[in-house]
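[1] Coordinates for the following, if possible.
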Amino acid sequence: MRLYSGTSGQFIKDTTQNQIADKLENAFFSYYRYKPSPNEKNSWMNSLRAVSLLFQSADLLDHGILLEYQLPLSSRRLDCMICGKDRQMKDNSIILELKQWSKCEEANGENEVLTWVAGRKRDVLHPSVQVGQYMMYLEDTHTAFYDGLSPVLLNACTYLHNYKYDRSDVIFAPKFESALKRFPLFTADDTNRLGEYLVDKLEKGQGLEVLKRVEESQFRTSKKLMDHVGSTIKGKAEYVLLDEQLIVYDQVLSHAKMGFHDGNKVAIIIKGGPGTGKSVIAINLMADLLLKDYNTYYATGSKAFTETLRSMIGRRGSTQFKYFNSFTAAEPNSIDVMICDEAHRIWDTSNNRFTKKDKRSDLKLVEEILEASKVAVFFIDDRQIVRPKEIGSVSYIKEYAEKYNCKIFEHELDIQFRCNGSDGFVNWVDNTLGIQKTANILWTREESFDFKIFKSPEELEAAIKGKVKEGHTGRLTAGFCWKWSPSNSDGELENDVVIGDFERPWNAKSDGHLAPGIPKSHFWATDPNGIKQIGCIYTAQGFEFDYVGVIFGKDLVYDFEKQEWQGNKQQSEDTVVRGSKDKFADLIKNSYRVLLTRGLKGCYVYFMDKDTERFVKSRMEN
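    So this is what the prediction gives:
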């Protein structure tokens, strides 16, 4: 999708006659069925006027131009792409990222600067880093830029037409030197140099022919990217498969390959509790399918888990890791294999309150996944559903897989790789919380897993930090029983979790400026400084640590008189779960089940409600 496509000459005419913003607005409304904000329209007028003057001064009059071009399977739009032929008559194109900034400040992140966005200071990608990401995305996923004997060449730069050049400015800081060299940044003082840059790569014009190649090309992952991601994963020791994991992996790989070549849709469901290695199998499938040239995507419903995977695989490979709702606009059967990890987090539809009526999908989210893929693989644990809108379950997925005439294969993982190799602890947690009856009624001293109850949150925190100092991984988590505040104006976190004299912050929220040393929310589980904050269910789910500490709040208590667990909505600050009516207690049980089973070697707990602590102790030997 693009909002404007044509010749540079027509673009100059539309801009000179003050029509360009109106044309973009009309195209925007035609596609999205609602009008862009006044700020966005003003941005178009100001930035594109500067681009028009640039084209005129550089005599770029015979070129193709795309404005507001949406990247496939993404909500991101390129500001401008210019197409033409270079001196050697090779097809060439340049992404031009436009910014109205007049200043920015230093940010904590390696790739970010701090500037005003939407009425507040925010950490945003440096323009050269941002446009470099766009270029890499297109080169790896757009056939025009990698396929055939003479693919269209692609370059990228940024134009800050309100910014005055100052060599000492943070935007030219040494940490951005590499990005600036590869994807140059031009300020208001640099129009002549920017014009020379564009002419050097597009001197011969004839841009409509090149523009047509770009617009008619297909979206498909390049073999180079598939090899890159697959090789990166296979080089990581933590993704080695053991025992039953390897058996299930071989079976799933066989089903996936068979389904692809038979031409019949296939749905594969892998069931397993915490620590059975679902994600390890999923990651290995991703790697080997990519290395065998299957166009494979990895999707989850967790921002923290997805962003961590992207970070581990690297910036270039991040395009293969998506969210469940990323495939609304995907062509049917355009994806060879879709791997859906934590499929229990699938929700009803990709529509939300911001989706306009005319753009709402008539399909369920699981249908969008099944329609877009030839083979869909679902890794699932029905008892990890922690929000009312999460409706993924084995029966639900099978219902829609049958509707799409899929061949359905099911596998179940039983061997426990978490909790020190013992599935006894998970079974005991299930039994104790009343989630499922198991044979593990008592926790005995013979168990090798390290489970302890502490008298205070201070002692709990000290024990977890002690394990971290010894070289183990560890995090402190809690039930969602306290408000969750955004960072203050200095980027510091508020101490929301208060128990007597014990005061600690939650992990950071997903947006806003953060002071140095505070990890973003999606990196809380992996950044060493995450030990300084308390994680909630939404940042802990999907991760594992050597030792996990859990503050068991009063949102779930045991009633000795009624001899049953009771949900206490008044003690919950999770507004979504609190509105789940009769499902509240079950969702909170699932939340604590997830938190308690994050540990590989040990789980330490502090109970705020002493009757609940007494009941849990009654389920422990001696």
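[2] which residues touch Asp91?
    For Asp91, the contacting residues are Cys83, Lys85, Ser150, Pro151, Val152, Leu153, Glu209, Val210, Arg213, by CB atoms under 8 Å, 6 or more residues apart in numbering. Where C-beta positions appear, they are placed from N, C-alpha and C, glycine not excepted.
[3] So among those residues, which ones count as buried?
    Neighbour counting by 16 or more other CB atoms under 10 Å classes Cys83, Lys85, Pro151, Val152, Leu153, Val210, Arg213 among those as buried.
[4] a markdown table please, covering the residues you listed and showing secondary structure.
    Converted to a markdown table, the buried ones among the contacts of Asp91 look like this (DSSP: H, G, I helix; E, B strand; the rest coil):
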| residue | secondary structure |
| --- | --- |
| Cys83 | strand |
| Lys85 | strand |
| Pro151 | coil |
| Val152 | coil |
| Leu153 | strand |
| Val210 | helix |
| Arg213 | helix |
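[5] Which positions within the helix or strand of the chain with the lowest mean pLDDT qualify as buried?
    Lowest mean confidence among the helices and strands of the chain (mean pLDDT, DSSP states H and E): helix 223-234, at a mean of 73. By neighbour count on 16+ other CB under 10 Å, the buried set for helix 223-234 is Leu225, Met226, His228, Val229, Gly230, Thr232, Ile233.
[6] what's that helix in contact with?
    With CB under 8 Å, 6+ apart, helix 223-234 has contacts from 140-141, 146, 239, 283-284, 286-291, 293-296, 313-314, 316-317, 319-320.
[7] Buried among those? Make that a PyMOL selection.
    Of those, the buried ones can be selected in PyMOL as follows, counting by 16+ other CB under 10 Å:
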select buried, resi 140+141+146+239+283+284+286+287+288+289+290+291+294+295+296+313+316+317+319+320
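[8] Take the contacts of helix 223-234 and keep only those in helices.
    In helices, defined here by DSSP state H, the members of these are Asp140, Thr141, Ile283, Asn284, Met286, Ala287, Asp288, Leu289, Leu290, Leu291, Ile313.
[9] who's in contact with the second one?
    Translated: Thr141. Taking CB under 8 Å, 6+ apart, one finds Pro72, Phe219, Arg220, Thr221, Ser222, Leu225, Thr319 in contact with Thr141.
[10] same deal with the last one?
    For Ile313, the contacting residues are Val229, Thr232, Ile233, Gln320, Phe321, by CB under 8 Å, 6+ apart.
[11] pLDDT weak spots in the protein?
    118-119, 234-244, 259-260, 275, 352-360, 414-423, 446 (pLDDT under 70).
[12] Just the closest of the contacts of Thr141 to Tyr538, please.
    Nearest to Tyr538 out of the contacts of Thr141 is Thr319 (CB to CB; 24.1 Å).
[13] Roughly how far does that closest one sit from Leu246?
    Distance, Thr319 to Leu246, using CB to CB, to the nearest Å: 28 Å.
[14] now do Asp14
    60 Å.
[15] Tell me which of these two has more neighbours.
    Asp14 (19 against 14; other CB atoms under 10 Å).
[16] which one is the more buried one nearest to, not counting chain neighbours?
    Ile20 (4.4 Å; CB to CB, 6 or more residues apart in numbering).
[17] Need phi/psi at the one you found.
    Note on Ile20: backbone dihedrals following degrees, to the nearest 10 are phi -60, psi -40.
[18] which residues touch it?
    Tyr4, Phe11, Asp14, Trp44, Met45, Leu48, Ser52.
[19] so Ala463 is in which element?
    Remark: Ala463 resides in helix 457-469, with elements defined by DSSP states H and E.
[20] try Cys603
    Cys603 belongs to strand 599-607, assigned by DSSP H and E.
[21] got the CA positions of that strand in CSV?
    The C-alpha coordinates for strand 599-607 follow below in CSV (Å, rounded to 0.1, in the frame of the first residue of the first chain):
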residue,chain,number,x,y,z
GLY,A,599,12.6,-21.5,37.8
LEU,A,600,15.0,-24.1,36.5
LYS,A,601,16.6,-24.9,39.9
GLY,A,602,14.5,-23.1,42.5
CYS,A,603,11.4,-21.2,43.5
TYR,A,604,11.3,-18.9,46.5
VAL,A,605,8.0,-17.4,47.8
TYR,A,606,6.7,-14.8,50.2
PHE,A,607,3.0,-15.0,51.0
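[22] got the buried residues for that strand?
    Gly599, Leu600, Lys601, Gly602, Cys603, Tyr604, Val605, Tyr606, Phe607.
[23] Direction-wise, compare that strand with helix 457-469 and give the angle.
    For strand 599-607 against helix 457-469, the angle by axes from the mean of the first three to the mean of the last three CA atoms, to 10 degrees is 160 degrees.
[24] which other residues reach strand 599-607?
    Applying CB under 8 Å, 6+ apart, the set of residues contacting strand 599-607 is 275, 418-420, 425, 449-457, 459-460, 463-464, 467, 472, 544-552, 596-597, 613, 616.
[25] mind listing what's buried in the next helix or strand after that strand?
    Following strand 599-607 in sequence order, the next helix or strand is helix 610-618 (DSSP H and E). Neighbour counts using 16+ other CB under 10 Å place Thr612, Glu613, Phe615, Val616 of helix 610-618 among the buried residues.
[26] Give me the contacts around helix 610-618.
    Against helix 610-618 from outside (CB under 8 Å, 6+ apart): Thr432, Ile453, Phe552, Leu556, Val557, Tyr558, Asp559, Phe560, Val605, Phe607.
[27] go on, stretch 452-467?
    474-476, 499, 502, 504, 531, 546-549, 551, 602-607, 613, 616-617.
[28] picking that back up, which of the contacts of Ile20 sits closest to Arg445?
    Of the contacts of Ile20, the one sitting nearest to Arg445 (CB to CB) turns out to be Trp44, at 69.7 Å.
[29] Please enumerate the strands of the stretch 451-600 of the chain.
    474-478, 497-499, 502-504, 534-535, 545-552, 556-559, 564-567, 599-607 (DSSP state E, counting those that start in this stretch).
[30] Okay, angle between the fifth one and helix 610-618 too, please.
    The one in question is strand 545-552. 140 degrees.
[31] Enumerate every residue touching the closest residue to Lys212 other than its chain neighbours.
    Using CB to CB, 6+ apart and skipping the chain neighbours, the partner closest in space to Lys212 is Gly64 (7.8 Å). By CB under 8 Å, 6+ apart, the residues touching Gly64 are 5-8, 82-84, 207-212, 214.
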